[in-house]
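Trainee: Give me a 3D structure for the following:
(one chain, ligands or ions: 2)
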Amino acid sequence: MRMSQMLLQTLRETPAEAEIPSHQLLLRAGYIRRIGSGLYAYLPLMWRVLNKISQIIREEMNATGAQECLLPQLQPSELWQESGRWETYTKAEGIMFSVIDRQERQLGLGPTHEEVITAIARDSIRSYRQLPQNLYQIQTKFRDEIRPRFGLMRGREFIMKDAYSFNADAESLKETYSLMAQTYETILRRCGLSFTAVEADSGAIGGSASQEYMVLAETGEDEVLYTEDGKYAANLEKAVSIPPDADPSPFSQYEKRDTPNTPTIATLCKFLGCSPTTVVKNVLYEATYDNGKLVLVLVSIRGDQDVNDVKLTNVLSEMASHYGENALLGLNVPDEQAQKKWAAQALPLGYLAPDLGDDYIQSRKDVEPKFLRLADETVLNLKNFITGSNETGCHVVGANWGDQFTLPDQVVDVREAQARDRAVHDPSQHLKMARGIEVGHIFQLGTKYSQAMGATYTNEQGENVPLHMGCYGIGVSRLAQATVEQCYDDDGIAWPVAIAPYQVIITVPNITDPQQAKIAENLYQDLLNVGMEVLLDDRDERAGVKFKDADLIGIPYRLVTGRSLKEGNVEVVTRADQSSQDIPLEEVVTTLQQWLANK
Ligand code: ATP
Ligand code: MG
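Mentor: Ligands and ions are numbered 1, 2, ... in the order given. Modelled structure (predicted):
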């Protein structure tokens, strides 16, 4: 491609809208353009990168026997009603864009494709002889993200590779899942990324085991906890650990104490001169279910620990049927306003005890009349603990389960693991924290969708049983930007060769010098003839501008037809380390061929 003919606009200034380096650089180097919130145009350079990533994905997926297809982006709401996700996706999470057609029928714009693919499997898979199957597509997804940001990292429209496997049983699903895990590692390695696989929460997609692929970067939105021996890594949402041991309580007698102005753990512990590990903290939540029921939840957890909202959401989602509901719509900490909705009297917030009376709840049919009391595992073995008294300005000390308080029936793990906690697999190791960008996610879904939607097959014994499913996603456009986040310097982007938009750029310092222009033109043709992807900077610009642009755009190898021509050489600069060497003109093509072959 001749740059004189290209639609390319590079910017010297950093655009104000971009906060992180990869976003700034993709805008500055003319790869993307913002069209609206979370909506980006992939300009020609970007589109080449995305196609390269897609090609690597295709090659590796095809090598496993997976088959490419393309599913509709407009999806009838009926399919989502069948799986029970219409409400959660359009209302609770609100992540799905929905439209109404001229016949007043409701449709959703695909944020993911479990429903569509399960409907296909239901019609076309009859017998165990057809199994296993794995279908994938590379396509634009739509998600009405709460906070679209960081350019392609969190768009409202983005490109994803999603694959769905159908297996005869859990065993076979595990095989496909681990084949996909290996394939993901190969794909990411080929793209030139350094990454970590971590245990993950399955979220609204559902299912049991799931694993995410994280590109470690300071600007990543996810937090990863890991151990240095490489044996444990998990998303913070999912991570487990052994908390620090509790200190002995300084109190041995049960009594009520005046503790004025101590609504927080810090103020209380300072006042009483005790450790937060000796306190039982009681945190109030409002859980809203899909048919409109409100359940007040009181979580008792050790004072030095915090509730992990994702874990709590999972616990409460599982309890939906207990309240005659299908799904949890929302979880929040009640504010003054919210309390007015259901509180029968002013709550002693900051001084709550595990036995806060149910008479604090107004008797209303859309509100569950009793608190759901949950005890996190951390409070189980506390002795002589300190906790609230349900009276503002007072706490009790020296309390014990079974004496002054009844331990809640439900003991759960809703604690957020923290850096420096001990690792479960080896308590001599301590967890470390790193930030990551989630570029891929694989799930064992099991029979969640097949059961709900009636996708069954006849097994070897002649029984009709539900298909086991897995799903496997890679954020193609996010991966492209995550690569930049890992591969840049002060001068611009430094693409790994495998996904660079072009492999080589020929910079002609002075296009009005006929010798320079002629040699560059010949080189350009020679490189194209051997199948290389080449940019020829034949613009009538100052040399400095061209060098700056070449660095910014980040093409792996730059050939300069400048001063070294006098000795019959071309200067070859490697973008990644800016190293430069002179290579005889007639050896340039073969040298580059060799370098690329070695990559
Ligand atoms: P996140 O937790 O970041 O919101 P997710 O867990 O909802 O992502 P999945 O449903 O697992 O995402 O989708 C598969 C992949 O698609 C993700 O691993 C990620 O790489 C990519 N992806 C998801 N949401 C977006 C988005 N809004 N913009 C760009 N890529 C996305
Ligand atoms: Mg995910």
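
Trainee: all contacts plus neighbour counts: C-alpha atoms, from now on.
Mentor: Will do.

Trainee: Flag the shaky bits of the stretch 301-450 of the chain, pLDDT-wise.
Mentor: Along the stretch 301-450 of the chain, segments meeting pLDDT under 70 are nowhere present.

Trainee: Ligand 1 contacts on that one?
Mentor: 438, 439, 440, 441 (C-alpha under 6 Å from any ligand atom).

Trainee: again with the chain
Mentor: So far as C-alpha under 6 Å from any ligand atom goes, the chain lies against ligand 1 at 152-156, 158, 160, 438-441, 473-475, 478.

Trainee: Let's see if you can find the most crowded of these.
Mentor: Neighbour counts for the residues of the chain next to ligand 1 peak at residue 152, which has 29 neighbours (criterion: other C-alpha atoms under 10 Å).

Trainee: Could you tell me which residues make contact with that residue?
Mentor: Residue 152 is in contact with 23, 38, 40, 158, 477, 478, 481, counting by C-alpha atoms under 8 Å, 6 or more residues apart in numbering.

Trainee: go again using 7 Å as the cut-off
Mentor: Taking C-alpha atoms under 7 Å, 6 or more residues apart in numbering, we find residue 152 in contact with 477, 478, 481.

Trainee: Between those residues, which sits nearest residue 340?
Mentor: residue 478 (42.7 Å; C-alpha to C-alpha).

Trainee: The closest one is in what secondary structure piece?
Mentor: According to DSSP states H and E, residue 478 maps onto helix 476-486.

Trainee: Run the chain-centre distance for that helix.
Mentor: 13 Å (C-alpha atoms, centre = their mean, to the nearest Å).

Trainee: picking up where we left off before, need the residues of the stretch 301-450 of the chain next to ligand 1 in a markdown table (columns: secondary structure).
Mentor: Shown next, in a markdown table, are those (DSSP: H, G, I helix; E, B strand; the rest coil):
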| residue | secondary structure |
| --- | --- |
| 438 | strand |
| 439 | strand |
| 440 | strand |
| 441 | strand |
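
Trainee: Kindly indicate which of those residues lies nearest residue 118.
Mentor: For these, the nearest to residue 118 is residue 441 (19.0 Å; C-alpha to C-alpha).

Trainee: Helix or strand with the lowest mean pLDDT in the protein?
Mentor: helix 336-342 (a mean of 83; mean pLDDT, DSSP states H and E).

Trainee: just checking, what packs against the next helix or strand after that helix?
Mentor: Next in sequence after helix 336-342, counting helices and strands by DSSP H and E, comes strand 372-376. Helices and strands touching strand 372-376, by 3 or more C-alpha pairs under 7 Å, 6 or more residues apart in numbering; DSSP states H and E, are strand 294-302, strand 410-412.

Trainee: Single out the most deeply packed of those.
Mentor: Mean neighbours per residue, mean count of other C-alpha atoms under 10 Å, is largest over the helices and strands packed on strand 372-376 for strand 294-302, with a mean of 24.

Trainee: can you list the residues that contact that one?
Mentor: Residues outside strand 294-302 that contact it (C-alpha under 7 Å, 6+ apart) are 277, 279-288, 354, 366-368, 371-376, 378-379.

Trainee: Next secondary structure after it?
Mentor: Scanning forward in sequence from strand 294-302 by DSSP H and E, the next helix or strand is helix 309-318.

Trainee: Could you export that next one as CSV, CA atoms only?
Mentor: C-alpha atoms of helix 309-318 as CSV (Å, rounded to 0.1, in the frame of the first residue of the first chain):
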residue,chain,number,x,y,z
ASP,A,309,-20.6,-8.9,45.9
VAL,A,310,-20.2,-11.5,43.1
LYS,A,311,-20.1,-14.3,45.6
LEU,A,312,-23.1,-12.9,47.5
THR,A,313,-25.0,-12.5,44.2
ASN,A,314,-24.4,-16.1,43.4
VAL,A,315,-25.7,-17.3,46.8
LEU,A,316,-28.8,-15.1,46.4
SER,A,317,-29.4,-16.2,42.8
GLU,A,318,-29.4,-19.8,43.9
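
Trainee: buried residues in the helix or strand that it is followed by?
Mentor: Using DSSP H and E, the next helix or strand after helix 309-318 towards the C-terminus is strand 328-332. By 16 or more other C-alpha atoms under 10 Å, the buried positions in strand 328-332 come out as 328, 329, 330, 331.

Trainee: ditto for stretch 122-138
Mentor: Neighbour-count burial for stretch 122-138 [16+ other C-alpha under 10 Å]: 122, 125-128, 131-138.

Trainee: same check, this time on stretch 379-396
Mentor: Buried, per 16+ other C-alpha under 10 Å, within stretch 379-396: 379-380, 382-396.

Trainee: ok, now stretch 169-181?
Mentor: 169, 170, 173, 174, 176, 177, 180, 181.

Trainee: Tell me, how many residues neighbour the closest residue in space to the last one that isn't next to it in sequence?
Mentor: The reference is to residue 181. Nearest non-adjacent residue to residue 181, counting by C-alpha to C-alpha, 6 or more residues apart in numbering: residue 442, 7.5 Å away. For residue 442, the count of nearby residues is 26 (other C-alpha under 10 Å).

Trainee: Make sure residue 442 is indeed in a helix.
Mentor: No - under three-state DSSP, residue 442 sits outside any helix and is assigned strand.
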